[in-house]
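**Q** have a look at this prediction, sequence included:
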Amino acid sequence: MIIVLKKDITQQQFQEVVDMVKELGFHAHVIQGTERTVIGAVGSSRGKEKLQAMENMPGVENVMPILQPYKLASLEVKPEKTVIPVRNGTSVGGRDVVVIAGPCAVESEEQLIETAKAVKAAGATMLRGGAFKPRTSPYSFQGMEEEGLILLRNAREETGLPIVTEVMKPSDIDVICKYADILQVGARNVQNFALLKELGKIDKPIMLKRGMMTTIEEFLMSAEYILSGGNSRVILCERGIRTFETATRNTLDLSSVPLLRHRTHLPVVVDPSHGTGHWKLVAPMSYAAIAAGADGLLIEVHPNPEHAVSDGIQSLKPDKFAAMMTTLARFAEAADRSLAPTAH
Ligand code: PEP
Ligand code: MN
């Protein structure tokens with residue numbers, strides 16, 4: 001249920017409303033909108049009538065059911081888009097389109113610094129790179145782990161670019177939080193509920209990737225796990241789904257972008273690198289993603305894709321990335337957006 005508060009509610013009345021929600025056995029999620037403040041009362045459906053009766057309390061405007069199975073993620077609870085602050089004025093979900101670029105995996109200091117400098121020079125907003133890699137084969141490179149995180153932090157110190165990196169299991173959260181600005185949940189972990197619950201307890205933004213077999217509703221229910229744990233900073237990432245088509249690595253479902261816009265206030269970014277699996281398709285699908293209303297892009301860039309330990313085929317060389325960024329700025333402008341400024 002959503003409890004809509006009156007604009008002139010006093011602090012004491014507010015506290016009484018929160019206490020009553022808890023007393024009735026629900027969690028009280030306070031959602032501060034620009035227009036109004038609401039409390040999302042989330043829990044089992046028992047006791048709903050009593051919540052409804054809270055309409056009589058001073059300071060309460062009305063109490064409404066949330067019709068969607070995802071509650072805190074829904075537009076019903078918060079009609080305006082969520083803007084997620086990341087670091088040093090960088091945020092996701094506002095008018096500016098963010099571009100998160102970098103290698104699939106952190107491989108070495110030289111590879112990372114060279115890529116970081118190149119993507120920054122081309123105007124990227126953030127740096128990505130996996131230190132813990134989810135690989136299909138147990139014999140493939142699994143990532144540099146904390147050593148890779150240190151290289152990412154050094155690259156941030158050198159370039160000012162905030163860091164996005166993947167977390168695969170709860171026991172790695174603490175160490176990753178020491179270095180990263182955004183924690184990425186990969187497609188394979190989108191329904192790892194034990195991991196999502198733990199990420200609900202931290203205060204870093206989470207970039208949640210859609211799974212290759214995840215419906216929009218399941219995707220939003222996964223976001224709900226993080227939100228209901230108390231972490232309101234969730235960024236959704238469309239990265240393609242598995243279909244009968246084998247000419248591309250995945251089928252990039254760009255229709256999910258406007259669809260999600262109608263269902264949720266959370267920002268949506270698009271990953272055309274994993275979404276297509278081919279570097280030649282990355283630029284056109286990036287432009288299409290902006291046209292569809294994406295708040296950002298996640299792009300794999302590697303200085304020597306032919307020597308990349310993972311995902312070389314889909315990685316752009318820095319010069320191709322720079323050329324794409326120039327055209328992307330014009331698409332962003334046409335969509336009444338602008339590219340987010342790069343760090344100084
Ligand atoms: C990645 O971003 O490098 C990655 C492994 O992506 P996904 O989880 O979407 O496959
Ligand atoms: Mn990759």
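**A** That came in fine, so what should we check first? Numbering: from 1, shown residues only. Ligands and ions are numbered 1, 2, ... in the order given.

**Q** quick one: name the residues of the stretch 101-250 of the chain near ligand 2.
**A** By CB under 5 Å from the ion, the residues of the stretch 101-250 of the chain that approach ligand 2 are residue 104. For glycine as for every other residue, the C-beta is placed from the backbone atoms N, C-alpha and C.

**Q** of all residues in the protein, which one is nearest the centre?
**A** Nearest to the geometric centre of the chain sits residue 235, at 2.1 Å (CA atoms, centre = their mean).

**Q** list the contacts for that one?
**A** Contact analysis of residue 235 by CB atoms under 8 Å, 6 or more residues apart in numbering lists 84, 92-93, 182, 205-208, 266-269, 295-296.

**Q** any idea how far it is from residue 207?
**A** Distance, residue 235 to residue 207, using CB to CB, to the nearest Å: 5 Å.

**Q** before we move on, the earlier item: closest to ligand 1 among the contacts of residue 235?
**A** The closest of the contacts of residue 235 to ligand 1 turns out to be residue 207 (CB to the nearest ligand atom; 9.2 Å).

**Q** contacting residues around the closest one?
**A** 164, 182-185, 235-237, 269, 298.

**Q** SS state for it?
**A** strand (DSSP: H, G, I helix; E, B strand; the rest coil).

**Q** walking through the stretch 51-200 of the chain, point out its strands one by one.
**A** Per DSSP state E, counting those that start in this stretch, the stretch 51-200 of the chain carries strands over the ranges 60-64, 84-87, 90-92, 96-102, 126-128, 163-166, 182-185.

**Q** tabulate those strands in JSON lines, adding columns for distance to residue 72 and mean pLDDT.
**A** Formatted as JSON lines, those follow (distance: least, CB to CB, whole Å; pLDDT from 0 to 100):
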{"stretch": "strand 60-64", "distance to residue 72": "14", "mean pLDDT": "93"}
{"stretch": "strand 84-87", "distance to residue 72": "14", "mean pLDDT": "97"}
{"stretch": "strand 90-92", "distance to residue 72": "18", "mean pLDDT": "98"}
{"stretch": "strand 96-102", "distance to residue 72": "23", "mean pLDDT": "98"}
{"stretch": "strand 126-128", "distance to residue 72": "25", "mean pLDDT": "98"}
{"stretch": "strand 163-166", "distance to residue 72": "23", "mean pLDDT": "98"}
{"stretch": "strand 182-185", "distance to residue 72": "17", "mean pLDDT": "98"}
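
**Q** most tightly surrounded among the ones you listed?
**A** strand 126-128 (a mean of 29; mean count of other CB atoms under 10 Å).

**Q** surely residue 58 touches residue 13?
**A** Yes. Assessed by CB atoms under 8 Å, residue 58 is found in contact with residue 13 at 5.1 Å.

**Q** comparing the two, which residue is more hemmed in?
**A** The neighbour count for residue 58 versus residue 13, taken as other CB atoms under 10 Å, is higher for residue 13 (16 against 11).
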